[in-house]
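In: what follows is a predicted structure for the sequence shown.
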Amino acid sequence: MIRAASKCGTSVHRAIYAFSRTPQASSTTLSSISFSSAAPQTGENDSMALPPNLSFDRKSSFAPKARPVLVAPPQPVDEEGEEEVSAEDSGYESGEEDLSAAVAQLEEDEAPRFVIPLPDRLKATVHGADGSVNGTLWLDETVFGADPIRVDLIKQSVDYIRNKIRGVRKAKSKTISEVSGSGRKVRNQKGTGMARAGHSRPAHWRGGAKAHGPKNTVDYGNVKMNKKARRLAMVSTLSQKLKEGNLIVVDNFNLLSHKTKDLATMLEESYGIGKGGHSALILDHYLEDEDAKDDSYDASFHGVPINLWVASSNIYKIKVASQRYTNVYDILKKDKLIVTLGALEQMESRWKD
């Protein structure tokens, strides 16, 4: 009986320890533990603590399907199956009062937060550069309404972009046979008080060969990805940003000043973006008319307003780019995606089905 009690106590402690090690557990409450004589099984009945900026779609396969169910611990028996061991002897105290309290606490907890359904989710709010609300618009379903999210294509696109950035590796080190120098023995084998040396080109000598260095040129950028796969990866990334609530639509960023302090203060106060907050990728599409262009002043640079480019060049966690140069890798590296109306129009016409 003592041996059975120790086994039961060990299994309960194991279950509590496994629960404390999971990232979903925020506190050791009874509302998220499935009490049993074995370690908890992960499944649809497990509770899930959602981060403040992430929600699940009810149609998603990874969304929680049901609320956790509390199961009363069975009374353990000894090895012969003749005599039961009480919960008090096993070191685990539980009863109807504890279960009723846990159920009451479970009812008081918030239900899992789900995102807005897809048709209503595409209705985006248009903000001003200062965070004010200027109106609403409907996003293109073929660009921002991908379901399911193709994580495999996103991963493939990230690898494709990183290989393109790496490009050609042109490093080539010389071996002993390629380093210039004589093969004459440097000094006598013995009697000098120094280490023996056969020639003047060993790897540990200055001016010698390189040990285990690169020996050929590798073109990492010589990779291919189909156009349809690239489009699906981009659409899945944009749809995921919208589903998370991290897509912000702004009417324009035609700033009156190129001061970094003004832009940094505006982003931090309006959207919580900056050194002490979230990171962001700002996409714009601003090209001035060639006929009305003044030769003494350029209003745009690399497809974005010149004041925005200069003001954001020294802000931590902020990257400004034109929608023409955007890719999946840059979008995933930042927490927020800020798109102007000009860039949104060009992106929808470029990536729509």
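Out: Right, received. Where do you want to start? None of the values given here were measured: they were computed from a predicted structure.

In: could I get the contacting residues of Leu255?
Out: Neighbour list for Leu255: 129, 262-263, 305, 307-308, 311 [criterion: CB atoms under 8 Å, 6 or more residues apart in numbering]. No exception for glycine: its C-beta is placed from N, CA and C like everyone else's.

In: which residues in the chain form strands?
Out: Ranges of strands in the chain, per DSSP state E, are 123-127, 133-138, 168-169, 218-219, 247-250, 280-284, 300-301, 304-305, 318-322, 336-340.

In: if we can go back for a sec, among the contacts of Leu255, which one sits closest to Gln189?
Out: Ala311 (69.8 Å; CB to CB).

In: mind checking pLDDT for Glu290?
Out: Looking at Glu290, its pLDDT reads 63.

In: brain fart, Ala49
Out: Reported pLDDT for Ala49: 54.

In: what's the answer for Ser31, then?
Out: 37.

In: and the helices in the stretch 201-350 of the chain, which stretches?
Out: Remark: helices assigned in the stretch 201-350 of the chain by DSSP state H, counting those that start in this stretch are 227-244, 260-271, 306-312, 328-333, 341-351.

In: one more: the stretch 51-200 of the chain?
Out: 96-108, 118-121, 141-144, 151-166.

In: if you average pLDDT over each of those, which is lowest?
Out: helix 96-108 (a mean of 62).

In: which intervals of the stretch 1-150 of the chain have sub-threshold pLDDT?
Out: Along the stretch 1-150 of the chain, the parts satisfying pLDDT under 70 run over 1-115.

In: cool, the stretch 251-353 of the chain as well?
Out: 289-298.

In: dump the residue contacts of Pro305.
Out: 253-255, 284, 286, 299.

In: then Trp351?
Out: 142-143, 231, 234-235, 238.

In: what about it, distance to Ser312?
Out: 24 Å (CB to CB, to the nearest Å).

In: ok, what's across the strand from Phe301?
Out: Phe301 forms beta bridges with Val304, as assigned by DSSP bridges.

In: oh, and call the first residue 602 from now on, that's how I've got it
Out: Shifting the count to begin at 602 puts that one at Phe902.

In: which residues does the closest residue to His903 other than its chain neighbours contact?
Out: Once flanking residues are discounted, His903 sits nearest to Ser923: 5.8 Å by CB to CB, 6 or more residues apart in numbering. Contact analysis of Ser923 by CB under 8 Å, 6+ apart lists 884-886, 903-905, 944.

In: so what's Ser923 bridging to?
Out: Asp885.

In: could you pull up the residues touching the nearest residue to Gly732 once chain neighbours are set aside?
Out: Closest residue to Gly732 apart from its sequence neighbours, by CB to CB, 6+ apart: Ser871 at 2.9 Å. Residues near Ser871 by CB under 8 Å, 6+ apart: 728, 730-732.

In: export these to CSV and tack on neighbour count?
Out: Shown next, in CSV, are the contacts of Ser871 (neighbours: other CB atoms under 10 Å):
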residue, neighbour count
His728, 18
Ala730, 19
Asp731, 10
Gly732, 14
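
In: of those, closest to Glu845?
Out: Of the contacts of Ser871, the one sitting nearest to Glu845 (CB to CB) turns out to be His728, at 16.9 Å.

In: can you get me the start-to-end distance on stretch 775-783?
Out: End-to-end distance of stretch 775-783 (CA to CA, to the nearest Å): 15 Å.

In: do the same with stretch 732-749
Out: First residue to last in stretch 732-749 (CA to CA) measures 31 Å.

In: list the buried ones in that stretch?
Out: For stretch 732-749, a neighbour-count test (16 or more other CB atoms under 10 Å) marks 740-742, 744-747 as buried.

In: please parse the protein into its domains.
Out: 602-715, 720-768+826-952, 773-817 (automatic domain parsing).

In: which residue is the nearest non-sequential neighbour of Ala830?
Out: Nearest in space to Ala830, with sequence neighbours left out and distances taken as CB to CB, 6+ apart, is Leu754 at 5.5 Å.
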